[in-house]
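**Q** structure for the following, please:
(one chain, ligands or ions: 1)
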Amino acid sequence: MNLKINSFEEYKEQYKRSVENPDRFWDEIGKTFQWQKPYDKVLDWNFTGPDVKWYLNGKLNITENAIDRHLEKRGNKLALIWEPNDPQERFVRWTYRELHGKVCEFANALKNQGVEKGDRVVIYMPMIPELTVAVLACARIGAVHSVVFAGFSARAIADRINDSKAKLVITADGQNRGAKQIPLKRVVNEALENTESVETVIVYDRLGWSPQMKEGRDIWWNDAIEGMEKECEAEQMDSEDMLFILYTSGSTGKPKGVVHTCGGYMVYAAYSFQNVFQPEESDVYWCTADVGWITGHSYIIYGPLISGATTMMFEGVPTYPDAGRFWQICDKHGVNQFYTAPTAIRALMGKGEDHVLSYSLDSLKVLGTVGEPINEEAWRWYYNLVGKERCPIVDTWWQTETGGIMLSGLGKHSPMKPAHAGLPLPGVQPVLLDNDGNEITENEKEGLLCMKFPWPGILRTTYGDHERCRNTYFAAFKNHYFTGDGAKRDKDGLYRVIGRVDDVINVSGHRFGTAEIEEAINANKNVVESAVVGYPHEVKGQGIYAYVVCDKMPEDEDDARSSIVGTVVDEIGKIAKPEKIQFVTGLPKTRSGKIMRRILRKIAEGEPDKLGDTSTLLDPDVVEDIVKNAK
Ligand code: WTA
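**A** Now for the predicted structure:
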């Protein structure tokens, strides 16, 4: 199955066709996949429901496309390479045939534990090859996987288990992160004190620890697969059956479960992977994301495997044992396409050029970035030093909700401009709207980034709450999907995504809602209320700045601060730690009680002279006080 566009001319031609006749365009692509029963209609949609269906009445199993289909010609080709945290430990290489056996075996183990089609399974695991096995085994039997990033706290896991009513949890005793070892099973145990739906926990032994195992509920991975067959018939799924839930933060309330379905997601993950990264048959492709995020789902597991590529997984961190680790791994495994996040690039930039210059990096062909806008300085460092001015950079803009890459260059076949994601992929129809919902048709203008037509990877709903899906993405502008991002379009039509226009903070490429962090801070016993904003952070992109009102001003501020950080770590996880906490006597509010975040943002950004209109404030003195004591 080769879906690759081979020149900029061909891109323009395909793009035109995809807009003029989307049905025909996506039908031609859809046909190249393996269906147990062909679909009878390509697309049915409206954005008012929303109600979007792709490849209607098609029957398939995504794992047959990701594994079985390759066995005949690529059975002995490497499907997966795994590089451990410790460079001295042996790496793992599995062929497609081996992967097939492992996925089937674990799929049988899940069935044996009573998991059925449609059941939800929460996966809370380190970046080890068994994580990929767990994900694909769920898909094999039609269970809905919900991977929870292994940095989230017990509370965050419990919330996700309760929202999805998961029946089974797959975890490990613990995980390696650089020089540290972090317990996972212990955190799961704590989470399960506050859940009712989970009947079984399967535990992979990564560290040889002896975590507490609950009789009748918990079972070791190796015991679960004992005696299981290495063949397992793939469950027949409808195109629109749920494939997975992935929780992500928005501007209001608790994280919501973004739902992706089988048919459209499969097609879009593979189509976008092949075109953006332009892999050749014998290439080794490496995405450094964690499978706990959408990037890991679409571009470590599904996109590459459906395309028959060799995908690499890395357990560790970019700076262990030193800041040359990424580049050492590229040389060691001959990586051809390398996909990472701007925050990682900026962190490594700070460690000096020598770490890069010690390696040849000759194998690299395409470099990618994702997760947040990449600043020009980081772009140049990546392009000049890592890519030696030979490798195109694909700056890929997309979201958990879009399932796959939406705006990006296609390998070397597209115009490239630092800090610009570029042109839409074929089938993607972005528009810029002004605040009133009017389309901005001129170039060199800025607006709200929306989509006016569906693509196969679009989210279908938010789990258990379709109204929330409608309100969040489809209610702001009639007949449009609203991304929550602001963007500019240059004179050539290239998009530059500037960042969120809603109350979402992007910390190191991870999304947090201000409301979610405030709720966590407010759970601290001394806190009365709080307001959280993002501020520019050299490495993380944005850092979290919290203004906190306590029942009385704390005598020991450091003490109070670490207590609040502790609460946030318990409520969400280490990744949501506020960088700065300022204790204040009150928050700037309008007469109707709304917090004026704009003012707080300006103060956090170090521009207290640009507060703008403060005349609607209930108590202007509060602001003066905050400015005086700003961090
Ligand atoms: C931001 C990650 C600029 C954006 C795949 C989006 C980007 C949010 C880029 C989605 C990029 C992602 N340039 N901004 N190349 N890629 N973003 O759901 O604000 O974790 O809305 O998906 O990240 O984050 P999410």
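
**Q** what are the boundaries of the helices in the stretch 201-350 of the chain?
**A** In the stretch 201-350 of the chain, the segments counted as helices under DSSP state H, counting those that start in this stretch are 221-225, 262-277, 294-296, 303-306, 325-333, 342-349.

**Q** isn't Gly178 right up against Glu315?
**A** No: Gly178 lies out of contact with Glu315 (Cβ atoms under 8 Å); the separation is 10.1 Å. Using the backbone N, CA and C atoms, a C-beta is placed for each residue, glycine as well.

**Q** overlap in contacts of these two?
**A** Asn85 (Cβ atoms under 8 Å, 6 or more residues apart in numbering).

**Q** which part of the stretch 451-600 of the chain gets nearest to the ligand, residue-wise?
**A** Nearest residue of the stretch 451-600 of the chain to the ligand: Val497, at 3.8 Å (Cβ to the nearest ligand atom).

**Q** surely that residue is in contact with Ala487?
**A** Yes: judged on Cβ under 8 Å, Val497 makes contact with Ala487 at a distance of 4.7 Å.

**Q** of these two, who's got more company?
**A** Neighbours were counted for Val497 and for Ala487 using other Cβ atoms under 10 Å; Ala487 has more, 25 against 22.

**Q** that older thread, what about Gly178 and Glu315, which has more around it?
**A** Between Gly178 and Glu315, Glu315 has the larger neighbour count (other Cβ under 10 Å), namely 20 against 14.

**Q** which residues sit in contact with Ile182?
**A** By Cβ under 8 Å, 6+ apart, the neighbours of Ile182 are 150, 174-176.

**Q** could you dump the residues you listed to JSON lines with neighbour count, pLDDT and distance to Asn189?
**A** Putting the contacts of Ile182 into JSON lines (neighbours: other Cβ atoms under 10 Å; pLDDT from 0 to 100; distance: Cβ to Cβ, whole Å) gives the following:
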{"residue": "Ala150", "neighbour count": "24", "pLDDT": "98", "distance to Asn189": "15"}
{"residue": "Gly174", "neighbour count": "22", "pLDDT": "98", "distance to Asn189": "12"}
{"residue": "Gln175", "neighbour count": "23", "pLDDT": "98", "distance to Asn189": "15"}
{"residue": "Asn176", "neighbour count": "21", "pLDDT": "98", "distance to Asn189": "20"}
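
**Q** which of these fall in strands?
**A** Judged by DSSP state E, strands contain the following of the contacts of Ile182: 174-176.

**Q** Asp625 - that's part of a helix, no?
**A** Yes: the assignment for Asp625 (DSSP: H, G, I helix; E, B strand; the rest coil) places it in a helix.

**Q** what about it, how many residues close to it?
**A** Asp625 has 15 neighbours, counted by other Cβ under 10 Å.

**Q** now swap in Gly350 and tell me
**A** 10.

**Q** skipping adjacent residues, who's closest to it in space?
**A** Using Cβ to Cβ, 6 or more residues apart in numbering and skipping the chain neighbours, the partner closest in space to Gly350 is Val539 (6.8 Å).

**Q** wait, that neighbour touches Arg346, no?
**A** Yes: if you go by Cβ under 8 Å, Val539 and Arg346 touch, sitting 4.8 Å apart.

**Q** and the two? Which one has more around it.
**A** Applying other Cβ under 10 Å to Val539 and Arg346 shows that Arg346 carries more neighbours, namely 21 against 16.

**Q** my guess is that one contacts Pro536, does it?
**A** No: with contact defined as Cβ under 8 Å, Arg346 does not reach Pro536; the gap is 11.8 Å.

**Q** which residue does the stretch 101-250 of the chain bring closest to the ligand?
**A** Scanning the stretch 101-250 of the chain for proximity to the ligand using Cβ to the nearest ligand atom identifies Thr248 as nearest, at 5.3 Å.

**Q** need the nearest residue in space to that residue, chain neighbours excluded.
**A** Nearest to Thr248 is Thr400, by Cβ to Cβ, 6+ apart, at 4.3 Å.

**Q** next, count neighbours for the one you found.
**A** 19.

**Q** same check on Asp559?
**A** If you count neighbours by other Cβ under 10 Å, Asp559 ends up with 10.

**Q** now it. Its backbone dihedrals?
**A** The phi/psi pair for Asp559 (degrees, to the nearest 10) reads phi -60, psi -50.

**Q** same list, the ones in strands among the contacts of Ile182, but as TSV with distance to Met237 please.
**A** As requested, the ones in strands among the contacts of Ile182 are arranged in TSV below (distance: Cβ to Cβ, whole Å):
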residue	distance to Met237
Gly174	34
Gln175	31
Asn176	35
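
**Q** buried sites along stretch 247-264?
**A** For stretch 247-264, the buried set under the neighbour-count rule, 16 or more other Cβ atoms under 10 Å, comprises 247-252, 254-264.

**Q** in this structure Leu423 contacts Met406, no?
**A** No: contact criterion Cβ under 8 Å: Leu423 and Met406 do not qualify, at 10.3 Å.

**Q** higher neighbour count, those two?
**A** The neighbour count for Leu423 versus Met406, taken as other Cβ under 10 Å, is higher for Met406 (27 against 22).

**Q** quick check: residues of the stretch 251-400 of the chain near the ligand?
**A** Residues of the stretch 251-400 of the chain lying near the ligand by Cβ under 6 Å from any ligand atom: 293-295, 370-373, 395-400.

**Q** could you rerun that using 8 Å?
**A** The stretch 251-400 of the chain comes close to the ligand at residues 293-295, 342, 369-374, 395-400, as judged by Cβ under 8 Å from any ligand atom.
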